[in-house]
Structures are given as C-alpha cells and as structure tokens.
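Enquirer: model this:
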Amino acid sequence: MKICRGVLVCIAIVSVALYTSFLGGVAAFAQGKGACAGDVQTFCSEVQPGQGKIIQCLKQNIESLSQGCKDRILEVAEQVAGANQACEEDIFTLCPGVPAGGGQVAQCLKANQALLSPQCAAAMSEVGN
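Expert: Numbering: from 1, shown residues only. Below you'll find the model as predicted:
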C-alpha cells in the first residue's frame, strides 16, 4: 500500500503543478506555506520559486516528504481533479488545441477567466483552499 500511496502522491504533484500558475491557493501551497512549509524549507530552500520549480523539487523528494505534506498534496489533487471535470467544457470551448502539460491549459483558463462557466469558476476557486 505504501508504494501505491507514493505513486498517488507523485501523480497528485503532477496534477497540482498544472494549476500553480492559475490559483493563489495552490501558488501559496507551492511556495511552501501550510502543511508543506517544512518540507519546502528542508528540501527546496535553494530552489527559485516559479514555473512549478517548487513542485518539481517536492516530486524529486517524494519519498522523504512528511506525511502531512503528502496528505495535503493528495487533498489538493482531489480538488484539481474536480476542477478538471467541472472545467472540461470550458477547456474544450475556450482552449481548443492548447496542449496539456506545463500549465498551458491553466494559463489559457486564466486568460479566459471572465468567460468561465459558473461551475468551472467555482471549482477553480476551491482548488488549494
């Protein structure tokens, strides 16, 4: 079960990274506030924040992260999954042809924030909170 949980946390980190450029709550998470503050300080203090670098650092140190940080990553990943589902139509309509990965879809949604459906906007505001 521990290996599976490690894989889930790793997948969760990738999911969270997709939204770091869009949401303040996730950005704060990525900057080492909250449950992962100690882990960011311990493992990523030399990393310049931005462009998902803190998330990548946490991913590289996944086996050594505190349980609280792993739990928070999983919690945010569940919120991100909900936002992905709630925003599926918005992504299709507002961001056709935008390749997934590297935060490009999140940046597209941010650029079109005023046009987001109510359910997408609500789901996005919940991520990281």
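Enquirer: show me the shaky parts of the protein.
Expert: 1-33, 101-102, 128-129 (pLDDT under 70).
Enquirer: redo that, cut-off 50
Expert: 1-11, 13-14, 17-26 (pLDDT under 50).
Enquirer: longest helix anywhere in it?
Expert: helix 67-86 (DSSP state H).
Enquirer: C-alpha coordinates for it, CSV please?
Expert: Coordinates of each C-alpha in helix 67-86 appear next as CSV, following Å, rounded to 0.1, in the frame of the first residue of the first chain:
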residue,chain,number,x,y,z
GLN,A,67,3.0,12.7,6.0
GLY,A,68,1.3,16.0,6.4
CYS,A,69,2.7,17.3,3.2
LYS,A,70,1.8,14.1,1.3
ASP,A,71,-1.7,14.3,2.7
ARG,A,72,-2.1,18.0,1.6
ILE,A,73,-0.8,17.1,-1.9
LEU,A,74,-3.4,14.4,-2.2
GLU,A,75,-6.2,16.7,-0.9
VAL,A,76,-5.3,19.4,-3.4
ALA,A,77,-5.0,16.8,-6.2
GLU,A,78,-8.6,15.7,-5.5
GLN,A,79,-9.7,19.3,-5.8
VAL,A,80,-7.8,19.7,-9.0
ALA,A,81,-9.5,16.5,-10.4
GLY,A,82,-12.8,18.0,-9.5
ALA,A,83,-11.9,21.3,-11.3
ASN,A,84,-10.7,19.3,-14.3
GLN,A,85,-14.2,17.6,-14.5
ALA,A,86,-16.0,20.9,-13.9
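Enquirer: kind regards, and thank you for your time.
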